[in-house]
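>>> could you work out the structure for the sequence below:
(chains A and B, ligands or ions: 2)
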Amino acid sequence: MEECGFSEIERDILKEVVGLYAIPEGAYNFRINGKSVSRKSSANIDVDIVDGGLEIHIKPGTKNESVHIPVILSKTGLKETVRNTFYIGDNTDVCIIAGCGIFNCGSSDSVHNGVHTLYVGKNSRVKYFEKHYGMGQGRGAKSLNPITKVYAQENSFVEMDLEQIKGVDSTKRETYSELKDRAKLVINERLMTHGRQTAESVIETKLLGKESTVDIISRAVAQDVSKQSFKSVIVGKNKCRGHSECDAIIMDKAMVLAVPSLDAQSVDAELIHEAAIGKIAGEQITKLMTLGLTQTEAESKIINGFLK
Amino acid sequence: MLETKNLSFSVEEGGKRKSILKDISLVFDNNQFVVITGPNGSGKSTFVKCLMGIVAPSKGKILFDGEDITSLDITNRAKNGISFSFQQPVKIKGIKVRDLLEIAGAEKPAAFLEMVGLSPEEYLEREISGSLSGGELKRIEIASVLARNSKVMIFDEPEAGIDLWSFNDLVNVFKKAKKNHTLIIISHQERIIKIADRVIVFEDGKVKHIITPDEFIKGVK
Ligand SMILES: Nc1ncnc2c1ncn2[C@@H]1O[C@H](COP(=O)(O)OP(=O)(O)OP(=O)(O)O)[C@@H](O)[C@H]1O
Ligand SMILES: [Mg+2]
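Ligands and ions are numbered 1, 2, ... in the order given. Presented below is the predicted three-dimensional model:
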C-alpha cells in the first residue's frame, strides 16, 4: 500500500472494512475524504465517476471478477452523500466489496451517506459485501447511513453481507429490493452496538416475480445503553417465498425493537417472520465457565460466535 | 481428595423453606470411581452442582486437596481441576464443536470426538445448535469434559440418550479414565455401577447408603 501514499490509519481501516492488505486484483475505486484517490477499470468492469459518484458497468458474461469500492473518512467534520450505481449485465458472476470506515479523533461529526443502486441482469450471481467500521476517540460522532437498492432481474441471485460491529455511533440503514421471476436474494446482517450508539435497519423486499425468494438473517447484539431497531417488510405479489429471521442478544440497559411486517398480495405467497430477543442464556455462560473461562470471556465468546 | 462437610441446600418456596440437600458429608479419594444413584428428585444433580460451584450451598464446606473451595467460583474450580458434564447439555448458536473442544483445552479435538463415537469429519465444524440430535449433543458434552482432562471429572447421567451400541464404548472410556482421574458419575445403569469402586445411594436429599457395586446389585436396589 505504501506506494499509494495511504496513511497508517487508512491502511488499518482498509484492513477492517474490505480486508485488504494490498491493492486488489480487478477493478476498484478508493475514496478517501471525499475524493477518489485511486481508481481502475478492468477489461470487463468500467469504473467511472459521474456527478461525484461512481457509475460501474459490468459487461454481460463477466465471471469471477470483483470490484472494490471502499470509502474512508479520516478527517473530522466531513459530511458527504455519495451515489454509486451498478449496472450488472446478464449472466455474470461477480463480487462487490463496498464498505466504509470512519476515523474521527476530532470534535465535529463525520457523516457518510452512501446510496448504492444495483441493477442486476438476468441469470447473474452477485455477492455484495458491506462492512462498516468506526474508530477514534474524538467527541465528534461517526455516523453511516447507507441506502442500498437492488433490482434483480429474472433468475438472478444476490447475496448481501452487511456488517457493522464496532465504533459507529449512529446508523440508519435502508435496504430496498425488487425481485423478478425466480430471482433470489439472501441478506445476512450482523450488527453490534455498544455505549450510546444507535442503529436502525429497514429491509424492504418486494417479491414481484413468480418463484422469487428472499431470505433475511439478522443477528444483533446490543450492549450498554445502545438502541437498535430492526424492521423487515416483505411484500409478496406473486407465487413467492419470503423468510426473515431476527435474532438479538440484549445486554445491560440496551433496547431492541424488532418490527416484522408481512404483506401478502397473492394467495400463493408464503411469508414467514421469526424474531427472538433475549439475554445470553445463563446456562451457556455456566457451561463455558466450567471449561475454565471467566464470565466475561464466556460472554465475549458467545457474542463473537453469534455474530460470526 | 474432594470432600464435603455437612453440606446443605435449601430454597424458599411459597414462604416455606424447602430442604433439598440435608447435611451431606462425603469423601472422594483420588483416582476413585464413585457412582451416585437414587430416585428422581433425590438431590443428586444439586449435590454435584455444589461441587462444581454452579449451586451455592446454604450451609457446609467443600474441601479440595485440603483447601476450602466453598466460595470459589466455577471458573476457578475448573482451573483447579474439576470438570462437569451436564445432564442437559446446552446449545450455543455460532459455537462449533471444534471451538468448544478447543476452549476445553483439547490440542487435537478430533481425538475426543472419536472417544465418544462421533466422526470428526462430520461433526467438528458443526454448530452446537438445534440441528444436532439429543444423543449427539450429549456425546459432545461428554467429549468436552474428557478434553479438560482434569483431576476430578463429574458426569451427570452420561448414559441418557446414548444408544445401546455406543454405550459399550462409553463404559470403556470410563474404565480407562478411572486409572488416573477421580470420577463422580450419576448413573442408573448397572453396567456403569459395576465398574465403580463405590456406590452412593441418595434418597430425599440425604445419603442413604455407601456400598460396593456387588452389594448394590445384590439387593439394596
Ligand atoms: N433452585 C431450586 N428451586 C426449587 N427447587 C429445586 C431447585 N433446585 C432443585 N430443586 C428441587 O430439588 C430436588 C432435587 O433435584 P435434583 O435435580 O438434584 O434431583 P436429581 O436427583 O438429580 O433428579 P433426577 O434423577 O431426576 O435427575 C427436586 O425436587 C427439584 O425440583
Ligand atoms: Mg439429576
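
>>> would you mind measuring from the spatially closest residue to A:Asn113 that is not a sequence neighbour to B:Ile62?
Nearest in space to A:Asn113, with sequence neighbours left out and distances taken as C-beta to C-beta, 6 or more residues apart in numbering or on different chains, is A:Thr81 at 4.2 Å. From N, CA and C alone the C-beta is placed, and that goes for glycine too. Distance of A:Thr81 to B:Ile62, given as C-beta to C-beta, to the nearest Å: 64 Å.

>>> the two: who's more crowded?
B:Ile62 (22 against 13; other C-beta atoms under 10 Å in any protein chain shown).

>>> what's the end-to-end length of stretch A:284-296?
Taking C-alpha to C-alpha, to the nearest Å, stretch A:284-296 runs 12 Å from one end to the other.

>>> quick one: is it near ligand 1?
No: Stretch A:284-296 lies apart from ligand 1 when judged by C-beta under 6 Å from any ligand atom; the minimum separation is 13.6 Å.

>>> which parts of that stretch are buried?
A:284-294 (16 or more other C-beta atoms under 10 Å in any protein chain shown).

>>> go on, stretch B:75-92?
Under 16+ other C-beta under 10 Å, the buried positions of stretch B:75-92 are B:75, B:77-78, B:80-87, B:89-92.

>>> among those residues, which are within reach of ligand 2?
B:Gln87 (C-beta under 5 Å from the ion).

>>> for the helix or strand that contains A:His116, packing partners?
For A:His116, the host element (DSSP states H and E) is strand A:110-120. Using 3 or more C-beta pairs under 8 Å, 6 or more residues apart in numbering or on different chains; DSSP states H and E, the elements in contact with strand A:110-120 are strand A:71-73, strand A:79-88, strand A:100-103, strand A:125-135, strand A:142-144, strand A:147-152.

>>> can you list the strands that that strand pairs with?
strand A:79-88 (parallel), strand A:142-144 (parallel), strand A:147-152 (parallel) (DSSP bridges).

>>> identify the single longest helix in chain A, thanks.
Among the segments of chain A that qualify as a helix by DSSP state H, the longest is helix A:295-307.

>>> need the residues that contact that helix.
A:165, A:190, A:192, A:219, A:221, A:247, A:249, A:251, A:280, A:284-285, A:288-289, A:293, B:75, B:92-96, B:99, B:103 (C-beta atoms under 8 Å, 6 or more residues apart in numbering or on different chains).

>>> buried sites along the helix or strand bottoming out on mean pLDDT in chain A?
Across the helices and strands of chain A, mean pLDDT, DSSP states H and E gives its lowest value to helix A:8-18, namely a mean of 84. Across helix A:8-18, burial judged by 16+ other C-beta under 10 Å covers A:10-14, A:16-18.

>>> ok, now stretch B:196-203?
Per 16+ other C-beta under 10 Å, stretch B:196-203 contains these buried residues: B:196, B:198-202.

>>> okay, those in JSON lines with pLDDT, distance to chain A and secondary structure next?
Below are the buried residues of stretch B:196-203 laid out as JSON lines (pLDDT from 0 to 100; distance: C-beta to the nearest C-beta, whole Å; DSSP: H, G, I helix; E, B strand; the rest coil):
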{"residue": "B:Ala196", "pLDDT": "95", "distance to chain A": "23", "secondary structure": "coil"}
{"residue": "B:Arg198", "pLDDT": "96", "distance to chain A": "24", "secondary structure": "strand"}
{"residue": "B:Val199", "pLDDT": "97", "distance to chain A": "25", "secondary structure": "strand"}
{"residue": "B:Ile200", "pLDDT": "97", "distance to chain A": "22", "secondary structure": "strand"}
{"residue": "B:Val201", "pLDDT": "96", "distance to chain A": "26", "secondary structure": "strand"}
{"residue": "B:Phe202", "pLDDT": "97", "distance to chain A": "22", "secondary structure": "strand"}
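
>>> and those residues, which is closest to ligand 1?
Checking the buried residues of stretch B:196-203 against ligand 1 with C-beta to the nearest ligand atom, the nearest one is B:Phe202 at 6.2 Å.

>>> after the lowest-mean-pLDDT helix or strand in chain B, which helix or strand is next?
Least confident helix or strand of chain B, by mean pLDDT, DSSP H and E, is helix B:164-177 with a mean of 87. Sequence order places strand B:182-186 as the next helix or strand after helix B:164-177, per DSSP H and E.

>>> measure stretch A:264-284 end to end?
38 Å.

>>> now swap in stretch B:145-160 and tell me
OK, stretch B:145-160 end separation, C-alpha to C-alpha: 16 Å.

>>> repeat for stretch A:251-271
30 Å.

>>> run through who's touching that stretch.
A:193, A:207, A:220-244, A:246, A:248, A:250, A:272-273, A:275, A:277, A:279-280, A:299.

>>> do stretch A:179-188 as well
Residues contacting stretch A:179-188 (C-beta under 8 Å, 6+ apart): A:120, A:150, A:152-162, A:175, A:177, A:203, A:205-218, A:240.

>>> let's see that with 6 Å instead.
A:152-161, A:177, A:207, A:209-217 (C-beta atoms under 6 Å, 6 or more residues apart in numbering or on different chains).
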